[in-house]
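J.: Predicted model follows, preceded by the sequence.
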Amino acid sequence: MGGKVLLDNSTPPPLFSVTAADGASLPVYALGGPGGGPGGGPGGGPGAAPGILFAHANGLAALSYGPWLAELAKTVRVFAYDARGHGQARWPEGSLETVFHVERFADDLALVAERVAEMIRGAPLAFVGHSLGAAASLQLAIRQERPRFAEHILFEPPIFPPPDSPTYEQAITQQQELVARSARRRAAWPDQQSFLQLLEGRGVFAGFRRDLLEAHVRATLRPEGAGGFTLRCPPAIESAIFRAHRAANTWAMLGRVRERVHLVSGDPTLPQSDWVSGAMAAIAGRIPDSTLTVLEGTGHMMIFEAPDRAAQCALAPLRRFFRRHA
């Protein structure tokens, strides 16, 4: 099967891009909405239909989640963007510690959210984030700056625990392994099928639903003019982002969050559970207005492992808007 490509014509192009103060360019996609087409844009669904802005995990891309986001878009208008260092985004030269500092991701989210809010013309805008994206929204909420989202639905934000936390030693060990492993990732691939075959049945990818695994391969490999493919998120950048989250002091500031936050956790009782799953109850306890849902039998990549249940978690907090705008 070598040489087989998975690219097709169904991948939606960015609707627009947002440029950050340091020159980073972030592509924003519209997945449509109730009654809208694949491109959706600002007109997907009725004028007052609520919207979702989605932000992805480190090392992935917005369209890694494409089939899942398309399911959400049957109910609400869905927008998603590639973070700096990922997907089709561009970023400036400079030290990795500066260009990919946790505050830069919060700054970028604020810019994207402002544009999307303008496009949906005052309709409610909720935020859904996974891992890196979820952590960016908490940074923004800690700063208590606009935009304010109608709801925050966060799938396992990796807020690193302090030394007195019972999950600290597990977090240190697993994060050190993750930093080292991501830095060693193979960046160049002869074709998409080779990358897909590596991921099938391996590590966190073993539980991915097939269509989401293929979407992830399409979204994270960039075709090269001379043939072959390259990871869109360079290994050094993925590794630097993992280091940055470990160094961040977000845990101590969670009490400043004044917005409603719905946290979704993987199963901390699984033998191979991630440290983030083990820390989620404590994270929820530090955020004044929060709820916590545990998706039993899933890990940190629960959106890919149990997409139907994850979709229910993303949409449930928006039911009040469905009633209001019916």
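T.: Arrived safely, thanks for sending. Numbers count the residues shown, from 1 in each chain.
J.: now the helices: where do they sit in the stretch 51-200 of the chain?
T.: For the stretch 51-200 of the chain, helices defined by DSSP state H, counting those that start in this stretch occupy the ranges 66-72, 96-99, 102-119, 132-143, 168-183, 192-199.
J.: a markdown table please, covering those and showing mean neighbour count and mean pLDDT.
T.: (C-beta placed from N, C-alpha, C; glycine too.) Formatted as a markdown table, the helices of the stretch 51-200 of the chain follow (neighbours: other Cβ atoms under 10 Å; pLDDT from 0 to 100):
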| stretch | mean neighbour count | mean pLDDT |
| --- | --- | --- |
| helix 66-72 | 21 | 96 |
| helix 96-99 | 14 | 96 |
| helix 102-119 | 20 | 95 |
| helix 132-143 | 24 | 96 |
| helix 168-183 | 16 | 95 |
| helix 192-199 | 17 | 95 |
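J.: Compute the number of surrounding residues for A247.
T.: By the criterion of other Cβ atoms under 10 Å, A247 has 10 neighbours.
J.: er, M253 actually
T.: Around M253 there are 16 residues (other Cβ under 10 Å).
J.: from what I can see, it looks like it's in a strand, true?
T.: No. Counting by DSSP: H, G, I helix; E, B strand; the rest coil, M253 falls outside a strand, being helix.
J.: returning to that earlier point: mind putting the helices of the stretch 51-200 of the chain into a markdown table with distance to R84?
T.: Below are these laid out as a markdown table (distance: least, Cβ to Cβ, whole Å):
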| stretch | distance to R84 |
| --- | --- |
| helix 66-72 | 20 |
| helix 96-99 | 7 |
| helix 102-119 | 6 |
| helix 132-143 | 10 |
| helix 168-183 | 16 |
| helix 192-199 | 22 |
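J.: tally of neighbours for G94?
T.: G94 - counted by other Cβ under 10 Å - has 11 other residues nearby.
J.: Likewise for V78?
T.: Close neighbours of V78, defined as other Cβ under 10 Å, add up to 28.
J.: where's the closest residue to it other than its chain neighbours relative to G133, distance?
T.: Residue nearest to V78 in three dimensions, not counting chain neighbours: L31, with 3.9 Å by Cβ to Cβ, 6 or more residues apart in numbering. In this view, L31 and G133 are 15 Å apart by Cβ to Cβ, to the nearest Å.
J.: could you dump stretch 62-72 to PDB, C-alpha only?
T.: Output in PDB follows, covering the C-alpha atoms of stretch 62-72 (Å, rounded to 0.1, in the frame of the first residue of the first chain):
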ATOM      1  CA  ALA A  62      -7.700  21.800  13.900                       C
ATOM      2  CA  LEU A  63      -8.600  19.400  11.100                       C
ATOM      3  CA  SER A  64      -7.300  16.400  13.000                       C
ATOM      4  CA  TYR A  65     -10.700  16.600  14.600                       C
ATOM      5  CA  GLY A  66     -12.500  17.300  11.300                       C
ATOM      6  CA  PRO A  67     -15.100  14.400  11.400                       C
ATOM      7  CA  TRP A  68     -15.900  15.200  15.000                       C
ATOM      8  CA  LEU A  69     -16.300  18.900  14.400                       C
ATOM      9  CA  ALA A  70     -18.500  18.100  11.400                       C
ATOM     10  CA  GLU A  71     -20.800  16.200  13.800                       C
ATOM     11  CA  LEU A  72     -21.000  19.200  16.200                       C
END
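J.: What are the contacting residues of that stretch?
T.: Under the contact criterion Cβ atoms under 8 Å, 6 or more residues apart in numbering, stretch 62-72 has outside partners 11-12, 27, 29, 31-32, 38, 52, 54-56, 78, 80-82, 86-87, 128, 130, 209, 211-212, 215-216, 218-220, 303-304, 307, 310-311, 314-315.
J.: what do you get if the cut-off is 7 Å, keeping everything else the same?
T.: Outside stretch 62-72, the residues that touch it by Cβ atoms under 7 Å, 6 or more residues apart in numbering are 11, 29, 31, 52, 54, 56, 78, 80-82, 87, 211-212, 215-216, 218-220, 303, 307, 311, 314-315.
J.: Make a PyMOL selection of the buried ones in the residues you listed.
T.: With 16 or more other Cβ atoms under 10 Å as the criterion, this PyMOL line picks the buried residues out of the contacts of stretch 62-72:
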select buried, resi 29+31+52+54+56+78+80+81+82+87+212+215+216+218+219+220+303+307+311+314+315
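J.: Just the pLDDT for the one residue sitting closest to the centre of the chain.
T.: Residue closest to the mean C-alpha point of the chain, counted by Cα atoms, centre = their mean, is H56 at 1.5 Å. On the pLDDT scale, H56 is placed at 98.
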